[in-house]
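A.B. asks: for reference, the sequence and a predicted model appear below.
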Amino acid sequence: MKKRVLTTRENLPGNGLDRLAGAAELVAWPGDGKPGPSDLAALAPGVSAVLALGNDPVDGALMDAAGPSLRVVALASMGFDNVDRNAAAERGIVVTHTPRVLAETTADLTFALILAARRRIGAAGASLASGSWGLFRMHDYLGLDIHGATLGLVGYGQIGRAVARRAHGFGMRVIHHDPYAPDDDLSTSVDLATLLAESDVVSLHVPLTEETRHLISAPELAAMKPTATLVSTARGGVVDEEALLHAVREGRLHSAGLDVFEREPMGPELSPLVAEPNVVTLPHIGSATEATRAAMVDLAVDNILDVLAERPARTPLPG
Ligand code: DGY
């Protein structure tokens, strides 16, 4: 008899779900939006695996609703702050995520944010679209250079390294802060205080954990250069958004580029950051290319198939 697998969306990019349907009985949340905890719990009894996105809460209650048959929670995301890891460990459930396959795509978007924030691309484009571009004037739309600037990477894993490679192509100096990553040929390891003081661009590439929550708050923002840019494609909770808003508004920070927020979905009614002229905001699209999103689903499916076939998962969460 085929094992049952709960997927939190009916449609996902690529053909991963079709492959999974060939090997298991799929129980899919049929709605278009995001399922609530009770929606998933109602579908969970008796499933052996859950395929979830990075913003679906997967807690002990969902695991208990699934019952003892549940062997694996496979996230189609790199981030894993939505899963109660302790609850999974207590129940012997493997949790997997999708590193590597999204590193280059997310690094591309990180660079888009760096360029957009420092060169004021959004504000300049909006001014043209609104018909307010008159003459060529020497003082209009002035930004700050990327070439020759120092890039400070907070977190130097796969995405951080992929950003470092791009930065060298742009003629930047690269430093990083990551207790687990020494110097390499792309970047020099420094402490956080040095990174904040020396960087023209600070880019965040750490997971959201108890240690990294509000890692960048008022004191860290005050330690950055007033000409610096803060960029995040990591998780919203790593930055204290209230403190960031004050720093940008008061001219203590040049600009910011954010793809992630403490509260998502985000909109102008939820935070003034969205309308702030020197802040570029995007709706969490770091990994959003057709190929990469399909690869994330594929890897999540492979992890499920491996665990259900008693093989080790390909990409379990780091210990
Ligand atoms: C990730 O993979 O963590 C992306 O942010 C999507 O959840």
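C.D. replies: Ah, there it is. In this text, all values refer to a predicted model and were calculated from it rather than measured experimentally.
A.B. asks: so for whatever residue of the stretch 101-250 of the chain ends up closest to the ligand, what's the pLDDT?
C.D. replies: Of all residues in the stretch 101-250 of the chain, the one sitting closest to the ligand is residue 102 (5.5 Å; Cβ to the nearest ligand atom). Backbone N, C-alpha and C define where each C-beta goes, glycine included. What the model reports for residue 102 is a pLDDT of 98.
A.B. asks: so it makes contact with residue 297?
C.D. replies: No. With contact defined as Cβ atoms under 8 Å, residue 102 does not count as touching residue 297 (11.3 Å).
A.B. asks: residue 82 contacts residue 40, doesn't it?
C.D. replies: No. Counting by Cβ under 8 Å, residue 82 sits too far from residue 40 to count as a contact (11.9 Å).
A.B. asks: these two: which is more packed in?
C.D. replies: residue 40 (24 against 18; other Cβ atoms under 10 Å).
A.B. asks: now for the residue nearest to that one when sequence neighbours are not counted, how many residues are close by?
C.D. replies: Excluding its sequence neighbours, the residue lying closest to residue 40 (Cβ to Cβ, 6 or more residues apart in numbering) is residue 62, at 5.6 Å. Look at residue 62: counted by other Cβ under 10 Å, it has 26 neighbours.
A.B. asks: shouldn't residue 62 be in contact with residue 44?
C.D. replies: Yes. Assessed by Cβ under 8 Å, residue 62 is found in contact with residue 44 at 6.0 Å.
A.B. asks: which stretches in the stretch 201-319 of the chain count as helices?
C.D. replies: In the stretch 201-319 of the chain, the segments counted as helices under DSSP state H, counting those that start in this stretch are 218-222, 241-249, 290-308.
A.B. asks: same question for the stretch 51-200 of the chain.
C.D. replies: 60-66, 85-90, 103-119, 121-129, 158-169, 192-198.
A.B. asks: do you know which of those helices lies nearest residue 180?
C.D. replies: Proximity to residue 180 (Cβ to Cβ) singles out helix 158-169 among the helices of the stretch 51-200 of the chain, at 10.9 Å.
A.B. asks: quick one: distance of that closest one to the chain centre.
C.D. replies: 16 Å (Cα atoms, centre = their mean, to the nearest Å).
A.B. asks: contacting residues around it?
C.D. replies: 78, 99-100, 102-104, 106-108, 110-111, 151, 153, 156, 174, 176, 178, 181, 184, 186-187, 203, 205, 233 (Cβ atoms under 8 Å, 6 or more residues apart in numbering).
A.B. asks: what subset of the residues you listed is buried?
C.D. replies: 78, 99, 102-104, 106-108, 110-111, 151, 153, 156, 174, 176, 178, 181, 186-187, 203, 205, 233 (16 or more other Cβ atoms under 10 Å).
A.B. asks: domain map for the chain?
C.D. replies: According to automatic domain parsing, the chain comprises the domains 4-101+290-308, 103-281.
A.B. asks: mind putting the ones you listed in TSV, distance to residue 318 included?
C.D. replies: Output for those, formatted as TSV (distance: least, Cβ to Cβ, whole Å):
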stretch	distance to residue 318
domain 4-101+290-308	9
domain 103-281	9
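A.B. asks: relative to residue 314, which of these is closest?
C.D. replies: domain 4-101+290-308 (5.5 Å).
A.B. asks: quote the end-to-end distance of the closest one.
C.D. replies: 10 Å (Cα to Cα, to the nearest Å).
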